[in-house]
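Engineer: Let's see this in three dimensions:
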Amino acid sequence: PVLYFAGNFTPEECKSIAAVVNTGIEKNEICPMLVVFLNTNSIILLPTTLPALEEKLRIRKGYRFRALAGYQDTGPYVLSAVTNMEQQFSSCILVYAYVDKQNVVGLLQAMKPGAVEHTPFFILVPDKGRFYEGNGNLHMILRDKDLKHEYRVTEGEGGLDWMIGGLEEMISFVATNFHR
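Structural biologist: Have a look, this model is predicted:
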């Protein structure tokens, strides 16, 4: 399985995230998985780059073996990819994602029925972050549409250290959905 993690991460940030994933795998707390880091340009081109990546890395095909995560500014692109690439991901993670109410309402109203039926969402947002309201709106819309999701509000203002603190729970969510 592979977790595609979108965010404009530095190499040091990628190493920090990979270390948390590797520790979970070594402790046998999560299943082995690849983590592929994507920048904003890659996530925009995901429908065309996904098959090429899977071929090059010899990744098993099918939504059960793919998860997509977005951090901060890549959140809207990840949300758009999940709602437009019907049934392509086993789960979708949005971490401190920049989403606003109009963007969310437009995307989810335009979404075809059943587009994310098998794609549960995990939303993690800090209580003092600037994206708190938009993520709250997303939670309410997902709840009203009766779509599977988990919504977490934790203390903090966001940032990489805050995200690393919630990474184990996010990765566990992804691993559980790989094997449901």
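Engineer: Looking at this protein, which helix is longest?
Structural biologist: Secondary structure of the chain per DSSP state H: the longest helix is helix 160-178.
Engineer: what's that helix packed up against?
Structural biologist: Applying 3 or more CB pairs under 8 Å, 6 or more residues apart in numbering; DSSP states H and E, one finds that helix 160-178 contacts helix 11-26, strand 66-71, strand 91-95, strand 121-126, strand 149-154. Bear in mind the C-beta positions are built from the backbone N, C-alpha and C, glycine included.
Engineer: May I see the buried residues of that helix?
Structural biologist: When neighbours are counted by 16 or more other CB atoms under 10 Å, the buried residues of helix 160-178 are found to be 160, 162-163, 166-167, 170-171, 173-175, 177-178.
Engineer: Just put these in a markdown table and tack on distance to residue 90.
Structural biologist: As requested, these are exported to a markdown table (distance: CB to CB, whole Å):
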| residue | distance to residue 90 |
| --- | --- |
| 160 | 25 |
| 162 | 25 |
| 163 | 21 |
| 166 | 19 |
| 167 | 18 |
| 170 | 13 |
| 171 | 13 |
| 173 | 10 |
| 174 | 8 |
| 175 | 10 |
| 177 | 5 |
| 178 | 6 |
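Engineer: which of those residues lies closest to residue 132?
Structural biologist: For the buried residues of helix 160-178, the closest approach to residue 132 (CB to CB) belongs to residue 162, at 12.6 Å.
Engineer: Just give the nearest non-adjacent residue to that closest one, would you?
Structural biologist: Nearest residue to residue 162, sequence neighbours excluded (CB to CB, 6 or more residues apart in numbering): residue 156, at 4.2 Å.
Engineer: tell me which element that neighbour falls in.
Structural biologist: Under the criterion DSSP states H and E, no helix or strand holds residue 156.
Engineer: what's it in contact with, if anything?
Structural biologist: Residue 156 makes contacts with 126-129, 162, 165, as judged by CB atoms under 8 Å, 6 or more residues apart in numbering.
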